[in-house]
Every structure is written in structure tokens, then in C-alpha cells.
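Asker: structure for the following, please:
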Amino acid sequence: MRLASSWPSALLTLALIAVGARAADAPQPAPSPEERARSAFAEAQKAARPGPADIELNGQAVLHLPAGHQWIPQPQATALLHAMGNPGQDPRLQGLVFPTNGQQWFMPVRFEAAGYVKDDDARDWKADELLKTYREGTEAANAERAKLGATPIEVTGWAEAPAYDASAHRLVWAMASREKNAPAGAEQGVNYNTYALGREGYFSLNLVTGLDQLPQHKPAAQAMLAALDYKPGKRYADFDAKTDHVAEYGLAALVVGVAAKKLGLIALAGVFFAKFAKLILIGLALVGGAAAKLFKRRPATGT
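Answerer: Here you go, the predicted structure:
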């Protein structure tokens, strides 16, 4: 009897194994954008490095990260950008800067090993051409955003026209973006793009925030740009015309053409950030499980 009575239990075990095998074989639903975001934020928090800290950047420079900020390294930085709807892999991306004091912005930091970029054509800006290029490239990138489940976006115009500081070899401009076909009064994001030129290429530190908050956060972007120091021998002034590689384009071409597709598109997370900024920043400021609890309490449906 004991042997016979063991059969229902054995059959149940076999049934559960079979069901589990079929479940494993069945196609699993893709995670939602909110689920990907929660996972990306949790992993980023585990890897975050708080300021004050000196962040080594690609053997080229040091970012003197101040208190009240944290650094998200690779590969967690790329995962966060994917969660915000930015497609592809970017080998130039060094990491992301986030504030921990409640301000609503973040900053991707990239290095482009293009060589020495001549800046003697900085006076020949063609802002309309740059804007047109950004818009065309953004439209092309929307197909990749759709694969990630992200809403298509569009560039609406300049928030600040390009300006170059020849003494510090730094370039700044800002453009605004929003969800494609959004109503005229819809919230817009903005990229405040800053470049620091060096001997072998340049760093881009692009502040992403809401358009209405740009005046408030510009000083933070400028302070972060000033906190980047090239190492001796890597500075723009260290250029040696006899030995060094010169970039295939000058500064005007960098702004008008090359940068629009190579740098501007991937940083266009402004619309996502403007909608979910409070969740993102509070979540990153918390430790691991606390951030997960925050997202469980408040689904990412807007702020």
C-alpha cells in the first residue's frame, strides 16, 4: 500500500517537471520599458561611485567629481541609456554623472579619439545646417528606438546656439527635443552639449534635463566641464605638428556635420528624463533594494 500510495506523489512531481519544461520552452514576454528601467537603475546604483572622487577617463583626463554627485561606469551606463530609449553600443561612452542633491539632470561623458581638431574655423558657424542634420539623424534613429519599445522623438530647435571659447578650447550648445507629434505645449527635454578639446581628441559632457530647467542647471554643466583636466602631454596646447594626428575635420565641421550623427543622437534622452526625472534621480540616490521599493510604490507613468 505504501508503494501504491506513493504513485500520486510521483506523478505530481513528474507533471510539475513536464509543466516546467514546457514553460521553459514557451516564448517569454519581453520586459516592459518600465521593467528594464527598474533593472538598469538597480544595477547602476550597485556600481555607483560617489563624489568627491577623481575619475580616470580613458588615460586622457581626470574628472574631479564633486560631492553631491555620483559616477555610473560602464557597462551600467549603457544599460541606463538603453532604458531611456537610446539604441546601440557606444565605445566612446565613459560613464554617466548624476546629482544626488535632488536636482533633475544627468550627463553622459564620452571621448572621441579623432585626433587634434583645428579650431581656426570656429567663426564659420552654420547653425541652420547643424539643426537640419540633427533632425534628419534623429528621424533615422527612431526606427532603433521603436525596437527598444521607446517613443519616437523629434528635435524642436536651439535652446542655445553654438559658442566656442578659444582660450579654454571648449565648445557649448543646446538643443530641445520632445516626443514626436506631441502637442505644442508638451514637456520638452534638452541636451546642453559641452566639449573639451585635447591633443588626441575631445571629451563631450552633455547635460540632459527638462527644457524649463535648463537655466537652473547650466551652472552645473559648466562646473562639470571645468572639473575635467587633461593629463600633462594630453592637453590641446601639447599638440606637436610634426608627430601628432590631425582630425579629418575642423571645429565647424565637427559641429555642423560629424557631431550631429555621432554625438547628439545617443544623448537624446531628454524627453524620457523630463517625464521620469523624479523617479530616476530619487531611485539612484537610494541604495539597491530601496530603489526597487520606490519603483514598486510608484510605477513610471509620469511625474
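Asker: ok, Gly115 to Pro162 distance?
Answerer: 21 Å (CB to CB, to the nearest Å). Quick note: C-beta positions are derived from backbone N, CA and C, even for glycine.
Asker: out of these two, which sits in the more crowded spot?
Answerer: More neighbours surround Pro162 than the other of Gly115 and Pro162, with 21 against 18 (other CB atoms under 10 Å).
Asker: for that one, what are its contacts?
Answerer: Trp125, Ala127, Leu130, Leu171, Val172, Trp173, Val255 (CB atoms under 8 Å, 6 or more residues apart in numbering).
Asker: now do the helices in this protein.
Answerer: Along the chain, the segments classed as helices by DSSP state H run 2-25, 33-47, 76-83, 127-147, 214-226, 251-253, 259, 270-285, 289-297.
Asker: so which bits of the fourth one are buried?
Answerer: The reference is to helix 127-147. For helix 127-147, the neighbour count (16 or more other CB atoms under 10 Å) marks Leu130, Leu131, Thr133, Tyr134, Arg135, Gly137, Thr138, Ala141, Asn142, Arg145 as buried.
Asker: okay, now the unreliable bits of this protein?
Answerer: Across the chain, the ranges flagged by pLDDT under 70 are 1-28, 33, 85, 87-88, 123-124, 148, 252-303.
Asker: determine the longest strand present in it.
Answerer: strand 153-165 (DSSP state E).
Asker: partner strands of that one, parallel or antiparallel?
Answerer: strand 170-179 (antiparallel) (DSSP bridges).
Asker: centre of the chain to the partner strand, how far?
Answerer: 14 Å (CA atoms, centre = their mean, to the nearest Å).
Asker: stretch 56-66 now?
Answerer: 17 Å.
Asker: just the buried positions in that stretch, please.
Answerer: Buried-residue list, stretch 56-66, by 16+ other CB under 10 Å: Leu57, Gln60, Ala61, Leu63, Leu65.
Asker: what's the answer for stretch 70-86, then?
Answerer: For stretch 70-86, by 16+ other CB under 10 Å, it's 70-72, 76-86.
Asker: got it, and stretch 103-118?
Answerer: 103-112, 114-118.
Asker: could you do stretch 237-244 as well?
Answerer: Buried residues in stretch 237-244 (16+ other CB under 10 Å): Phe239.
Asker: quick check: end-to-end length of that stretch?
Answerer: End-to-end distance for stretch 237-244, by CA to CA, to the nearest Å: 12 Å.
Asker: what lies in contact with that stretch?
Answerer: Residues outside stretch 237-244 that contact it (CB under 8 Å, 6+ apart) are Gly115, Tyr116, Arg199, Glu200, Pro232.
Asker: just the residues you listed now: which is nearest Ala53?
Answerer: Distance to Ala53, by CB to CB, is smallest for Pro232 among these, at 20.6 Å.
Asker: got the phi and psi for that closest one?
Answerer: phi -50, psi 130 (degrees, to the nearest 10).
Asker: tally of neighbours for it?
Answerer: For Pro232, using other CB under 10 Å, the count is 7.
Asker: do Ala30 as well
Answerer: 9.
Asker: which non-adjacent residue is nearest it?
Answerer: Leaving aside its chain neighbours, Ala30 sits nearest to Gly149 (7.6 Å; criterion: CB to CB, 6 or more residues apart in numbering).
Asker: and Ala127, by the same measure?
Answerer: Closest to Ala127 by CB to CB, 6+ apart is Ala161, at 5.3 Å.
Asker: how much space separates the one you found from Pro29?
Answerer: 46 Å.
Asker: on that earlier part again, can I get the buried residues of helix 127-147 in a markdown table with distance to Asp212?
Answerer: Below are the buried residues of helix 127-147 laid out as a markdown table (distance: CB to CB, whole Å):
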| residue | distance to Asp212 |
| --- | --- |
| Leu130 | 23 |
| Leu131 | 20 |
| Thr133 | 26 |
| Tyr134 | 21 |
| Arg135 | 22 |
| Gly137 | 25 |
| Thr138 | 21 |
| Ala141 | 25 |
| Asn142 | 24 |
| Arg145 | 23 |
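Asker: pull the most distant pair out of these.
Answerer: The most distant members of the buried residues of helix 127-147, if one measures by CB to CB, are Leu130 and Arg145, lying 21.4 Å apart.
Asker: for Tyr164, list each beta-bridge partner.
Answerer: Bridge pairing for Tyr164 - DSSP bridges - gives Leu171.
Asker: neighbours around Ala42, how many?
Answerer: Neighbour tally, Ala42, other CB under 10 Å: 19.
Asker: mind checking how far it is from Leu63?
Answerer: Ala42 is 24 Å from Leu63, by CB to CB.
Asker: now swap in Phe41 and tell me
Answerer: In terms of CB to CB, Phe41 sits 22 Å off from Leu63.
Asker: with that, I have no additional questions.
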